[in-house]
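Visitor: Just need the structure, nothing else, for what follows:
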Amino acid sequence: MADAPVDPGPAVRGYHAHVYYDAATRERAARLRDELAARFAVRLGRWHDAPVGPHTAAMYQVAFAPEELARFLPWLMLNRGPLAVLLHPETGDEVADHTAHAAWLGGPLPLRLEALAGGG
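Guide: Numbers count the residues shown, from 1 in each chain. Down below sits the predicted model:
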């Protein structure tokens, strides 16, 4: 008997990695940012030295296409150092993308979900 087809779920249009830092780790975050730009096809967001949107710590965003994930994620896992990173897909559901669909490298940080469209 054939297995029933698996629902592929929402389409992933891209990915975001949010790299968090503080005063003590900003230089390390800058080195990581430079390496990401040199090694991968990414779009780098602005530095946010204060919380913005749902993020409760300083961070910058790294956006990339689904085709980069298989190279990007293992490299980031091994080279992020002490930095916490939130990695999530872009499916159009911002709350689910930042929570149920998300993966954390390093300790998870609290998020202000009410800042997202449709957030709690």
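Visitor: Using PDB, write out every CA atom in the least confident helix or strand in the chain by mean pLDDT.
Guide: Ranked by mean pLDDT, DSSP states H and E, the weakest helix or strand in the chain is helix 94-98, scoring a mean of 94. In PDB, the C-alpha atoms belonging to helix 94-98 read as follows (Å, rounded to 0.1, in the frame of the first residue of the first chain):
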ATOM      1  CA  GLU A  94       5.300  36.300  10.300                       C
ATOM      2  CA  VAL A  95       4.200  34.900  13.700                       C
ATOM      3  CA  ALA A  96       4.600  31.200  12.700                       C
ATOM      4  CA  ASP A  97       7.800  32.000  10.900                       C
ATOM      5  CA  HIS A  98       9.400  33.600  14.000                       C
END
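Visitor: How far away from the center of its chain is that helix?
Guide: Offset of helix 94-98 from its chain centre (CA atoms, centre = their mean, to the nearest Å): 11 Å.
Visitor: Taking the centroid of the protein, which residue is nearest it?
Guide: residue 17 (2.2 Å; CA atoms, centre = their mean).
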